[in-house]
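>>> Got a sequence here, can you build the structure:
(chains A, B and C, ligands or ions: 2)
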Amino acid sequence: MQERKPRFTSLSGFDTNLVYTHDDLKDWSPDEELGAPGQFPYTRGVYPTMYRGRLWTMRQFAGFGSAEDTNRRFKYLLQHGQNGLSVAFDMPTLMGIDADSLLAHGEIGRCGVAISSLDDMERLFEDIPLDQVTTSMTINGPAAVIFAMYLAVAEKRGIRLERLNGTLQNDILKEYIAQKEWLFPPEPSLRLITDTIAYCSEHVPKWHPVSISGYHIREAGSTAIQELAFTLYNGLTYVEAAVKAGLPVDRFAPQLSFFFNAHNDFFEEIAKFRAARRLWAREMTRRYRPGDPRSVQLRCHAQTAGCSLTAQQPMNNVVRTTIQALAAVLGGAQSLHTNSMDETLALPTEDAVKLALRTQQIIAQESEVTNSVDPLGGSYYVETLTNRLEEAAQDYFHRLDDMGGMIRAIERGFPQREILDASQRYLRESERKERIIVGVNEYVEPVERPIPIFKIGQDVEQEQVARLSDLRKCRDSFKMAGTVEALQEAASCGENVMPYLIDAVKAKATLGEICMALKEVLGTYREPVVL
Amino acid sequence: MSPIGSHMFMCDIRDLMTLAEQVRAGNVRAVSRLISLLENHPGAREVLRFLNNTSRRTTVIGVTGYPGAGKSTVVDRLVSLYRRRGLKVGVLAVDISSPLTGGALLGDRIRMQEHALDHDVYVRSMATRGHHGGLAPATGDAALVLEAAGYEVILIETIGVGQNEVDIVDLAHIVVAVVAPGLGDEVQAMKAGLLEVAHIVVVNKGDLPDADNTLRDLREWCPNVLRTVATTGEGIPELAAAMTRYQQSCGVGHVGEARNR
Amino acid sequence: MAVASAPLRILIGKVGLDGHDRGVKLIARALRDAGMEVVYTGLHQTPEQVVNTAIQENVDAIGLSILSGAHKTLFRRVLELLNEQDAEDIALFGGGIIPDEDVAALTADGVKALFRPGAPVQEIVTFVKGLKPHG
Ligand SMILES: Nc1nc2c(ncn2[C@@H]2O[C@H](COP(=O)(O)OP(=O)(O)OP(=O)(O)O)[C@@H](O)[C@H]2O)c(=O)[nH]1
Ligand SMILES: [Mg+2]
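Ligands and ions are numbered 1, 2, ... in the order given. Purely as a prediction, here's the structure:
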């Protein structure tokens, strides 16, 4: 029979055969390529029992308005069965800008919570036991400053730092590549990251100081191959920097974590998670020969693909999210965020977030997919995809090596251009209807039924500005200025800045003041033009 | 009213005179409109007669060099430097038009947006619209407009493909070629083309490891080679000084009497 | 009066603090491919920078993208500045995560069109092509 299309391709562009058989895996050795669950090369998962031992952490990213607003949303989520917190900050915070800066006008509390000082951080976690939850903080440029605030809150409450558990995104390379939220040039940024890694390995051992993120690379339009390759290569770049700074690899590598996108191409996505674990284990072993097996295990968080959601027929997004979440689970992710259906229109409503959380709970509790580890292992198709993804990522590794590493490649605009070109290819394909997007280029409804939209209070901006002005009046400014000066001194002579940051935030130096002071020492960055 | 230009373009000569008058008064919108007119209607060149102002002395600096060498960044730094000297600065940044669609993506000014709020800096992006020679057909006319409007230095960034960049030689008093290290073959090719027309050669990205080699290589070849790091501004004052020296050695001019014309 | 062959000039840029520039770059490429001259200003532009640039570049329209939720403040400010500079003949359009209610309010204020993430690029190109060359 005539097939529907002349060519069937995966979202990454791999040609897909009609059927996969033993012939596709001729030289393939299960012992070498798979191993047992919890065994090298960890293709089947990092733990022997996987979800039979413990389900993944259901962690919905949340944040909007003031610290109090977000604190309320956190409590709502915990009350509905979520077990990890994940903070979304607003744009000024992400860019290290205080709420009362001119640049922050109109942006405060809009796409996350506004945090300008230690006081805000205290209110954000009011009545939340920091030693009993795990907290993920999605912030990069000013990550070290925000982390210092979190540690200072814990200290103030008498919680020992060893008991803190959570994740700081703190992945600056993918900012230069994809999300474009940087404060300083690459080299000094890398040094700040190394400082947080070193500080955690000594004082906050359960904390994940970096979450090496492919999510944003994918959201910027990359293929699964590029997401995999650039993310892992970024990870190797952080490891190299820390090793160069004198840290033994086993002291910090077990605490590195990853963050991937879960996109539409179901089998390719599952294969991506598997290939990521295998490639990381192999590369880390080859490059550093660590003694601790945990140093080569790739643990990851996953989030369903925000860029795959449509403003048209928003209810369809629930279905997309379900399929993507299932791919992340079959791929063996350690924690998961499911997007809400209304996120292309505004921040999610409580009901929409709850539905997204319920989606995870249904997969976990009703579908029975959690009963067996890596249920697709050995599938001719999935194993072939896993192999091809690993190979394609290795090709990128070689090209990046040849360019002199990721920073040089970024300066040349290489990963940026690869991603932009990929996203343009996808756009062309959907325009030609080679890729169908339900409700967008097919099954379009002329009249859309509106859904409820979440609104942020109008007074957040004024309140936040007023608070900041009070803080500036009430603090001991002389003492504060001294801590900031000491911080600058430490930053310029290469000392670990973390203790100085903690002192500065405790003295009520604001996020903006600290970032400005650091820019004076570390410089600023202009990106290469990629058009 | 005598209409001028082709049948495609009818424009009241009195409107043009008014526009010229506004340009001479330094009105930015008028400058912008007139440049567009000159780009779109060859007939509008009549207006250039009304712009002539021999009392003005504007220096035109051409900046050329391969894609990505740092031309725009160098221009941006020079703008800052001339602004500190209190000069009014105009920039004409040329990018290539697609031969297929006629469209163009003009991205040079990304590097210069810090000057967007400075009323004494005017930046205009121009597309080549099929013209060969490294500039847009109306770049020379646009320079005349800027001169008439009182801009004291005009920086022109060419498309920078490295070959056939001949226009800039006729238009600019000083031509600077920007080279980046580590482009072995391209530097060789440039020797045969660009560097021949340049008065000053700049090895930009002086912070990169290969910079010393490139400097050495080029110094054997031409006398006036400088090192810059445009991203930090290093070497830019020296570049400006070298340009001044060069200019003094061959006398000043203004746009209307460019050197080779 | 413009000649049919004079390409439309369009300023494309990002206002506000967010750095999600994939969409806006794809639009810039698409407008170029449709024969327009696109002046791209890059990230983090203030409304003041945008309007001054639009005037210097003598563009026919300004297209701005913002995904951080500050659209109301920023689009309104651009309109206000165009007005102050006597440049309302430059059309303003945009894209972002913008709820219906805000779309209605902003179009009433004078924004010519607003597109959401995932809006077909062809639709945007067609819209821009339909704009009249200004002044
Ligand atoms: N390391 C380093 N990078 C630089 C320097 N100058 C410019 N760059 C970077 O080089 C890239 C290209 O700079 P541009 O100024 O856009 O170069 P250009 O020659 O104008 O490029 P086109 O107009 O595209 O031909 C940018 O990423 C700059 O930040 C420098 O001195 N050192
Ligand atoms: Mg340039």
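
>>> What mean pLDDT does the helix ranked longest in chain C get?
Secondary structure assigned by DSSP state H gives helix C:71-84 as the longest helix of chain C. For helix C:71-84, mean pLDDT rounds to 96.

>>> swap in stretch A:220-235?
98.

>>> got it, and stretch B:240-257?
Averaging pLDDT along stretch B:240-257 yields 76.

>>> can you map out the helices along the stretch 1-150 of chain B?
B:13-24, B:28-40, B:48-51, B:71-84, B:139-148 (DSSP state H, counting those that start in this stretch).

>>> buried ones in the third one?
Right, helix B:48-51. The neighbour-count check on helix B:48-51 (16 or more other CB atoms under 10 Å in any protein chain shown) flags B:48, B:50-51 as buried. For glycine as for every other residue, the C-beta is placed from the backbone atoms N, C-alpha and C.

>>> Would you mind putting the CA coordinates of stretch A:121-135 into PDB?
This file holds the C-alpha atoms of stretch A:121-135, laid out as PDB (Å, rounded to 0.1, in the frame of the first residue of the first chain):
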ATOM      1  CA  MET A 121      13.600  35.700  50.700                       C
ATOM      2  CA  GLU A 122      12.400  35.200  54.400                       C
ATOM      3  CA  ARG A 123       8.900  36.000  53.500                       C
ATOM      4  CA  LEU A 124       9.000  33.700  50.500                       C
ATOM      5  CA  PHE A 125       9.700  30.700  52.700                       C
ATOM      6  CA  GLU A 126       7.700  31.700  55.800                       C
ATOM      7  CA  ASP A 127       6.300  28.700  57.600                       C
ATOM      8  CA  ILE A 128       8.000  26.300  55.200                       C
ATOM      9  CA  PRO A 129      10.400  23.900  57.000                       C
ATOM     10  CA  LEU A 130      13.600  24.300  54.900                       C
ATOM     11  CA  ASP A 131      15.100  21.100  56.300                       C
ATOM     12  CA  GLN A 132      12.100  19.000  55.200                       C
ATOM     13  CA  VAL A 133      11.400  20.200  51.700                       C
ATOM     14  CA  THR A 134      13.700  20.200  48.700                       C
ATOM     15  CA  THR A 135      13.800  23.500  46.900                       C
END
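
>>> Can you list the neighbours in contact with that stretch?
The list of residues contacting stretch A:121-135 from outside it, by CB atoms under 8 Å, 6 or more residues apart in numbering or on different chains, reads A:57, A:59, A:66-68, A:70-71, A:74-75, A:78, A:83-87, A:113, A:115, A:146, A:149-150, A:152-154, A:156-157, A:159-160, A:163-167.

>>> List the buried residues of it.
For stretch A:121-135, a neighbour-count test (16+ other CB under 10 Å) marks A:121, A:123-125, A:130, A:133-135 as buried.

>>> I'd guessed residue B:58 sits against residue B:156; true?
No. Applying CB atoms under 8 Å as the test, residue B:58 and residue B:156 come out as separate, 11.7 Å apart.

>>> Out of the buried residues of stretch A:121-135, name the ones that lie in strands.
Among these, the ones falling in strands (DSSP state E) are A:134-135.

>>> May I ask which two of the buried residues of stretch A:121-135 are separated the most?
Pairwise distances across the buried residues of stretch A:121-135 peak at 19.9 Å for A:123 and A:134 (criterion: CB to CB).

>>> Return the helix or strand in the chain with minimum mean pLDDT.
The chain I'm using is chain A. strand A:61-62 (a mean of 90; mean pLDDT, DSSP states H and E).

>>> please go with chain B instead
When the helices and strands of chain B are compared on mean pLDDT, DSSP H and E, helix B:184-192 comes out lowest with a mean of 66.

>>> For the residue in the stretch 301-450 of chain A that chain C sits nearest to, give me the pLDDT.
Going by CB to the nearest CB, chain C is nearest to residue A:311 of the stretch 301-450 of chain A, at 4.1 Å. Here, the pLDDT recorded for residue A:311 equals 91.

>>> separation between it and residue C:18?
With distances taken as CB to CB, to the nearest Å, residue A:311 is found 17 Å from residue C:18.

>>> The two: which has the busier surroundings?
residue C:18 (26 against 22; other CB atoms under 10 Å in any protein chain shown).

>>> just to revisit the earlier point, is the following helix or strand past the longest helix of chain C in proximity to chain A?
For helix C:71-84, the following helix or strand on the C-terminal side (DSSP states H and E) is strand C:91-96. No. Strand C:91-96 stays clear of chain A (CB under 8 Å from any CB of the partner chain), getting no nearer than 10.2 Å.

>>> Next secondary structure element downstream of strand C:91-96?
Under the assignment DSSP H and E, the closest C-terminal helix or strand after strand C:91-96 is helix C:100-109.

>>> Flag every buried residue along that following helix.
Neighbour-count burial for helix C:100-109, counted by 16+ other CB under 10 Å, picks out C:100, C:102-103, C:106.

>>> Just the closest of these to residue A:316, please.
residue C:100 (17.7 Å).

>>> can you tell me how far the residue lying closest to the closest one once chain neighbours are set aside sits from ligand 1?
Nearest residue to residue C:100 in three dimensions, chain neighbours excluded: residue A:450, at 6.1 Å (CB to CB, 6 or more residues apart in numbering or on different chains). Counting by CB to the nearest ligand atom, to the nearest Å, the gap from residue A:450 to ligand 1 is 44 Å.

>>> about what we covered before: in the longest helix of chain C, what counts as buried?
Using 16+ other CB under 10 Å as the test for burial, helix C:71-84 gives C:71-79, C:81-82.

>>> cool, stretch B:205-220 as well?
B:205-206, B:208, B:211, B:214-215, B:217-218.

>>> ok, residues contacting that stretch?
Contact with stretch B:205-220 is made by B:69-70, B:179-183, B:187, B:195, B:201, B:203, B:225, B:227-232, B:234-235, as judged by CB under 8 Å, 6+ apart.

>>> go with 6 Å
B:180-182, B:201, B:203, B:225, B:227-229 (CB atoms under 6 Å, 6 or more residues apart in numbering or on different chains).

>>> Narrow those to those in strands?
Counting by DSSP E, the contacts of stretch B:205-220 place B:201, B:203, B:225, B:227 in strands.

>>> quick one on the thing from earlier: format the buried residues of helix C:100-109 as TSV; extra columns: distance to ligand 1 and pLDDT.
Output for these, formatted as TSV (distance: CB to the nearest ligand atom, whole Å; pLDDT from 0 to 100):
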residue	distance to ligand 1	pLDDT
C:100	39	88
C:102	35	93
C:103	36	94
C:106	33	97
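
>>> What pLDDT does the model give the closest residue to chain B within the stretch 1-150 of chain A?
Ranked by CB to the nearest CB, the top residue of the stretch 1-150 of chain A for proximity to chain B is residue A:102, at 12.5 Å. The model reports residue A:102 with a pLDDT of 90.

>>> In contact with residue C:63, which residues?
Residue C:63 is in contact with C:12, C:93, counting by CB under 6 Å, 6+ apart.

>>> quick one: average pLDDT of the helix or strand harbouring it?
Under the criterion of DSSP H and E, residue C:63 resides in strand C:61-66. Computed over strand C:61-66, the mean pLDDT rounds to 96.

>>> quick one: it to strand C:91-96, angle?
With axes from the mean of the first three to the mean of the last three CA atoms, to 10 degrees applied, the angle from strand C:61-66 to strand C:91-96 works out at 20 degrees.

>>> Starting from strand C:61-66, tell me which strands it pairs with and how they run.
Sheet pairing of strand C:61-66 (DSSP bridges) gives strand C:9-14 (parallel), strand C:91-96 (parallel).

>>> Dump the ones you listed into a markdown table; add mean pLDDT as well.
Shown next, in a markdown table, are these (pLDDT from 0 to 100):
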| stretch | mean pLDDT |
| --- | --- |
| strand C:9-14 | 97 |
| strand C:91-96 | 95 |
